[in-house]
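Engineer: What shape does this take:
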Amino acid sequence: MEWLFVSLASMLAGFVDAIVGGGGLILVPAIFAAFPHAPPATLLGTGKSASVWGTTMSAWQYGRRVRIPWGPLTPAILVSFAGSFAGAWAVTVISSDFLRKLLPVVLVLVLIYTLLKKDMGRNHAPRFTGRAETLMACTIGLVIGFYDGFFGPGTGSFFVFLFVRLLGYDFLNASVSAKLLNIATNVAAIVLFSLKGHVWWHFALPLALANVMGSMLGTYMALRHGTGFVRSIFILVVSVLILKTGYDAFLR
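Structural biologist: Numbers count the residues shown, from 1 in each chain. This next block holds a predicted model:
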């Protein structure tokens, strides 16, 4: 029953993550609920080892329909990997507890800004070109990559928001860019977890298959319904993240 429950959760996580990120909001609590006595690092490593395949499939599907700006994104991917690895190392020497109370506040500000700026992310109008675009993408990759390795919740949504707000991408183009950087941050974490033996590979495989199935459906829906649909799902996911992180920070 645990396998079935978590596999269904992985499929739903893949669906949501493919559209706008935030799949960890579904998969991580499901794994922790199904295996309450397992080491947290093992559960996190197993979850990332499954979800990275859904994210990769989604990025590939998007790439067939949306032009990917490889120029600025290629160095940003490498910087995101390094940032995530540094964040994962930092959490071994510095407590991340202070972020628990700060995160819901930041997410509320993101939600309010998105709701007030009704046209934000509807049109694809990049603000930068060349070296300036690359520098901005790398900055986003470094900061959010470090955050993903150090703490993690809402990483995909932060990537999307910053690509829309700072680079002027629409939600669809921001989503595919976020996927590519999120793959890098996940791989960095997986490498670290694997080296320390914190991945159940026999369990990660069925979860990965379920995640890929959900991801394919989510990508299809996003490409079919466009930017407005992705924006609506973004608002929904950020709202749920606020409730979840707010509960964890102030009520639990």
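Engineer: quick one, helices of this structure?
Structural biologist: 2-20, 24-34, 40-65, 70-90, 98-116, 130-150, 155-167, 171-195, 201-246 (DSSP state H).
Engineer: So which of these is nearest Arg122?
Structural biologist: Taking Cβ to Cβ, helix 201-246 is the member of the helices of the chain nearest to Arg122, at 5.6 Å. For every residue, glycine as well, the C-beta is placed using N, CA and C.
Engineer: what angle sits between the closest one and helix 98-116?
Structural biologist: With axes from the mean of the first three to the mean of the last three Cα atoms, to 10 degrees as the criterion, the two stretches helix 201-246 and helix 98-116 enclose an angle of 70 degrees.
Engineer: what's helix 201-246 packed up against?
Structural biologist: Helix 201-246 sits against helix 2-20, helix 24-34, helix 40-65, helix 98-116, helix 155-167, helix 171-195, with contacts defined as 3 or more Cβ pairs under 8 Å, 6 or more residues apart in numbering; DSSP states H and E.
Engineer: a markdown table for those, including mean pLDDT, mean neighbour count and distance to His225?
Structural biologist: What follows is those, written out as a markdown table (pLDDT from 0 to 100; neighbours: other Cβ atoms under 10 Å; distance: least, Cβ to Cβ, whole Å):
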| stretch | mean pLDDT | mean neighbour count | distance to His225 |
| --- | --- | --- | --- |
| helix 2-20 | 90 | 23 | 9 |
| helix 24-34 | 85 | 20 | 21 |
| helix 40-65 | 89 | 22 | 13 |
| helix 98-116 | 89 | 15 | 18 |
| helix 155-167 | 94 | 25 | 16 |
| helix 171-195 | 91 | 24 | 10 |
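Engineer: now these in TSV, with distance to Gly145?
Structural biologist: Written out in TSV, the entries for those read as follows (distance: least, Cβ to Cβ, whole Å):
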stretch	distance to Gly145
helix 2-20	17
helix 24-34	15
helix 40-65	14
helix 98-116	15
helix 155-167	8
helix 171-195	5
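Engineer: Let me have the helices of the chain in JSON lines, extended by distance to Arg122.
Structural biologist: Output for the helices of the chain, formatted as JSON lines (distance: least, Cβ to Cβ, whole Å):
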{"stretch": "helix 2-20", "distance to Arg122": "14"}
{"stretch": "helix 24-34", "distance to Arg122": "25"}
{"stretch": "helix 40-65", "distance to Arg122": "18"}
{"stretch": "helix 70-90", "distance to Arg122": "22"}
{"stretch": "helix 98-116", "distance to Arg122": "11"}
{"stretch": "helix 130-150", "distance to Arg122": "20"}
{"stretch": "helix 155-167", "distance to Arg122": "10"}
{"stretch": "helix 171-195", "distance to Arg122": "8"}
{"stretch": "helix 201-246", "distance to Arg122": "6"}
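Engineer: what's the pLDDT at the residue nearest to Val237 when sequence neighbours are not counted?
Structural biologist: Using Cβ to Cβ, 6 or more residues apart in numbering and skipping residues adjacent in sequence, the residue nearest Val237 is Gly22, 4.0 Å away. Among the per-residue scores, Gly22 shows a pLDDT of 80.
Engineer: mind starting the numbering at 5 from now?
Structural biologist: Yes, from this point I'll number from 5; that puts the last item at Gly26.
Engineer: what sits against Gly26?
Structural biologist: Neighbour list for Gly26: 20, 158, 160-161, 241-242, 244-245 [criterion: Cβ atoms under 8 Å, 6 or more residues apart in numbering].
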